[in-house]
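Colleague: Okay, here's the prediction I keep looking at, along with the sequence it came from:
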Amino acid sequence: MENGNTLQISSSPHFHCGETTPKIMWSVVVCLVPAAVWGVYNFGLKSLLVLLVSIGAATGTEFLITALQKKKSTLFDGSAFLTGLLVGFNMPPAVPGFIPILASVFAIALVKHSFGGLGRNWMNPALAGRVFAMFCWTGEMTTWSAPLSSPDAFTGATPLALGTEKFLGTGSYLDLFLGRISGCIGEVSALFLLLGTIYLFIKKIITWEIPVSYIGSFTILTFIFGGIPEGHGIFSGDIFFHLLSGGLILGAFYMATDMVTSPLTWKGMLIFGTGCGFFTFLIRIFGGFPEGVSLAIILMNIFVPLINRCTKPLKFGLVKENKK
Amino acid sequence: MNEFKTFPQGGIHPREFKVYTKDIPIRNAHIPSIALIPMHQHMGKPAECIVQKGDTLREEMLIGRATGYFSANIHSPIPGTVTDIREMYLPAGLKSTVVVAELAGEFDRAGKSSQKKDWDNLSPKELIDKIADKGIVGLGGATFPAHIKYTLKEGIRLEYFIVNGVECEPYLTADHRLMLEKTEEIIEGIRIIKKILSPENIIIGIEENKPDAISVMERTILDRKLDIEVVRLKTKYPQGDEKQLLKSITGREVPSGGLPLDIGSVVSNVGTVFAIYEAIVYEKPLIERIVTVTGSIIKNPGNFKVRIGTKIGELIEECNGLYELMVKIIAGGPMMGFAVHDLDTPVTKGMSGIIALSRKEVPSWRETACLRCGRCIRVCPLSLNPTRLFKLIEHRQFEEAEKNGLFDCKECGCCGYACPAKLPLVQGMRLGKLMAKKKAK
């Protein structure tokens, strides 16, 4: 003790749970790997290129911006990598290379850093990047490749674009579940996406509120009204088709649960998730686009500050009467 | 058996590390050759030093007199002479007058058998006076002067007297050992307090990670046919805080800014109850307490009966030293205790443990931006919004922070423990409270 050893001083608590921002970000990245592998298997090496280009553009932008601001580089916290990966997940496999690059740059530079960087953005950067690309290059963003895993599938159309009956003419629910369909690189395989979420739940990186309320509200609404556009009555919506197609699983488990852009309390999360489900349903079933997950989540992102304000937890000790 | 109770909102489950010392009986630490006795060891005003340099001290002699009502007496832990009176910083960052005493002369009590005093014919008022006289304060850590806590206003109906045997902080086992080894004495102490307060119910709350303490307490109560209930609690930090404990046991919430008395309850730590027993039955002032000295790098960790004023460094040496270099010493528990900067820091009345941590065990502190993950809100036992408070304090909006419950925060550390961005949330709250008070002046 008397050998000149200095003692550290800091404020309590002197314990920490060990969970850190980089750990959380990299865990999510790892959980997305199975789905990414499936995407590459399903659509070929060109999709790997899309993923790499998106990640490269996102991390590069992050690096440049922090360097220009002379801030400590935040590259290793993994958040830019994750954003890039998710942008790539949301791209069609045959998209021209410049689109994922611009989408990633948009996501990192405009959506994230113009508001102050990690934790300050009010909109999910990856989704914003996708929606930005969607509106700028609608043609390229809706040109789909046939899945290599299912050669006799329809080329050039996602299940949602085809509609329930037309898709089920040749494909099956199992195709949807496994991901033997066309679509964006990362969104097709419900199985592999769900596999990744097991770890996220175990590590409590995501909690049940948003996915359950999102999928729950969407399922109920789709079951009741989902059959109407196809000429059926109410209570005839094809739940499984809608749950397993498009970006719903990716959106509900990985995008809507983004900590930065979702509410703070469990009550708020339930409201947020329900809202996401409602808007996804509205856009998908009655809207002009076949898919509505991205727009629905972004729309609900806007409401987050309001939701937070309305769901402030009641402070301990404010209960007026005490039960006898 | 009834089910385990706990509080509903928030809380965490840190690793316990109690295994180092929970089976090691309390032993007497060496009497210090030099004792440093601070005059400010309790909540409220510091005691007034009534000795001077060169004075001869007797064991248990009054050396610091309570100043006014909200204060407590300080007694000399050793016989000897006052060699110095100086100012010193205590772990909490508090500056206090410290009496430096050097051991000399004869002990009045130590080594001799003491006579038990009969207290049955003392009135509650006399008992409280005695407790005040002996300088008893809450030994759980808050060091609230006991005589103030037990002085009830006329006409108040006290429904619950709760004995806190929770000890929810990791590492610490001082209360646990005390319950095992001094069961009879604690029960007797409870009877004394029962006479003072005449509560309708007496409950001892113990967490389920101390099954031996639960059973020994239950058995003793049964043997003596007393009307005391032992409530088993689910292990969860910070259940040892009186607000959480009351919520767990009675289901009631102490009003914001209020005291347990507002919901008809008084809570005392088992250590305090034992000190009261000794003060009344043996007329012994509070000059020693049980301290857990522990940590993975300490060769012989243990629970010690330590004289107030013993240097922390000496206590660590008494554990036969260390396996590895220590980089942090905590006075108290790891969640709410204070890092010590000086091995000459004395043990005070509120210090329940000394924990030595190695480099590996001290988390490196690389902050990132707040992710707004809401974990701090989920774990806050008081349903506050730590991240919002932190931001308000950063932006110096103290009034707004106060409106959001800044002063309700007890700095239990759950938010800091859970924060993945490693924001110094508790430090922020402390700073905020300080600045808000300053601004209000």
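Modeller: Looks like it came in fine.
Colleague: where are the low-confidence patches of the stretch 301-441 of chain B?
Modeller: By pLDDT under 70, the stretch 301-441 of chain B contains no weakly predicted segment.
Colleague: now the helices for it?
Modeller: Ranges of helices in the stretch 301-441 of chain B, per DSSP state H, counting those that start in this stretch, are B:312-318, B:375-379, B:386-394, B:398-403, B:414-418, B:425-440.
Colleague: Quick check: which helices or strands does the first one pack against?
Modeller: Identification of packing neighbours for helix B:312-318 by 3 or more Cβ pairs under 8 Å, 6 or more residues apart in numbering or on different chains; DSSP states H and E yields strand B:288-294, strand B:302-307, strand B:326-331, strand B:353-358. All C-beta spots, glycine's among them, are computed from the backbone N, C-alpha and C.
Colleague: Now do the buried residues in it.
Modeller: Residues B:312-316, B:318 are the ones in helix B:312-318 that count as buried (16 or more other Cβ atoms under 10 Å in any protein chain shown).
Colleague: how about the CA coordinates for that helix, as CSV?
Modeller: As requested, the backbone C-alpha atoms of helix B:312-318 are provided in CSV (Å, rounded to 0.1, in the frame of the first residue of the first chain):
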residue,chain,number,x,y,z
ILE,B,312,-8.9,2.3,7.1
GLY,B,313,-5.3,1.4,6.2
GLU,B,314,-4.8,-0.4,9.5
LEU,B,315,-8.0,-2.4,9.0
ILE,B,316,-6.8,-3.6,5.6
GLU,B,317,-3.5,-4.5,7.1
GLU,B,318,-5.3,-6.6,9.7
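Colleague: Let's check: the centremost residue of chain A is which one?
Modeller: Chain A has residue A:255 as the residue nearest its centroid, 2.1 Å off, counting by Cα atoms, centre = their mean.
Colleague: and it, what does it touch?
Modeller: A:86, A:124, A:126-127, A:247, A:293-294, A:297 (Cβ atoms under 8 Å, 6 or more residues apart in numbering or on different chains).
Colleague: That one and chain B, how far apart?
Modeller: Counting by Cβ to the nearest Cβ, to the nearest Å, the gap from residue A:255 to chain B is 15 Å.
Colleague: gap between that residue and residue B:144?
Modeller: Applying Cβ to Cβ, to the nearest Å, the value for residue A:255 to residue B:144 is 50 Å.
Colleague: quick one: which of the helices and strands packed on helix B:312-318 is nearest chain A?
Modeller: Across those, chain A has its closest neighbour in strand B:326-331 (4.6 Å, Cβ to the nearest Cβ).
Colleague: What pairs with the closest one, parallel or antiparallel?
Modeller: Sheet pairing here is set by DSSP bridges, and for strand B:326-331 it gives strand B:338-339 (antiparallel), strand B:353-358 (antiparallel).
Colleague: Check whether residue B:272 really touches residue B:140, as I assumed.
Modeller: Yes - in terms of Cβ atoms under 8 Å, residue B:272 counts as a neighbour of residue B:140; the distance is 6.9 Å.
Colleague: Of these two, which one has the most company?
Modeller: residue B:272 (29 against 23; other Cβ atoms under 10 Å in any protein chain shown).
Colleague: Would you mind listing the residues in contact with that one?
Modeller: Counted by Cβ under 8 Å, 6+ apart, residue B:272 has contacts B:136-140, B:146.
Colleague: Run a quick neighbour tally on the closest residue to residue B:52 other than its chain neighbours.
Modeller: With Cβ to Cβ, 6 or more residues apart in numbering or on different chains as the criterion, residue B:52 has its nearest non-adjacent residue at 6.7 Å, and that residue is residue B:82. Using other Cβ under 10 Å, residue B:82 is surrounded by 20 other residues.
Colleague: now residue B:82, what's its secondary structure?
Modeller: Using DSSP: H, G, I helix; E, B strand; the rest coil, the secondary structure recorded for residue B:82 is strand.
Colleague: And it, how far from residue B:109?
Modeller: With distances taken as Cβ to Cβ, residue B:82 is found 20 Å from residue B:109.
Colleague: ok, then the element right after the lowest-mean-pLDDT helix or strand in chain A?
Modeller: Within chain A, no helix or strand scores below helix A:164-170, which has a mean of 82 by mean pLDDT, DSSP states H and E. Next along the chain after helix A:164-170, taking DSSP states H and E as the criterion, comes helix A:173-178.
Colleague: Tell me the buried residues in that next one?
Modeller: If you call a residue buried by 16+ other Cβ under 10 Å, then helix A:173-178 has these buried ones: A:175-178.
Colleague: And for residue 188, nearest residue in space, chain neighbours not counted?
Modeller: No chain specified, so I'll use chain A. residue A:179 (3.9 Å).
Colleague: actually it's chain B I care about, not the one you picked
Modeller: Nearest-residue entry for residue B:188: residue B:277, 5.3 Å, with adjacent residues in sequence omitted and distances by Cβ to Cβ, 6+ apart.
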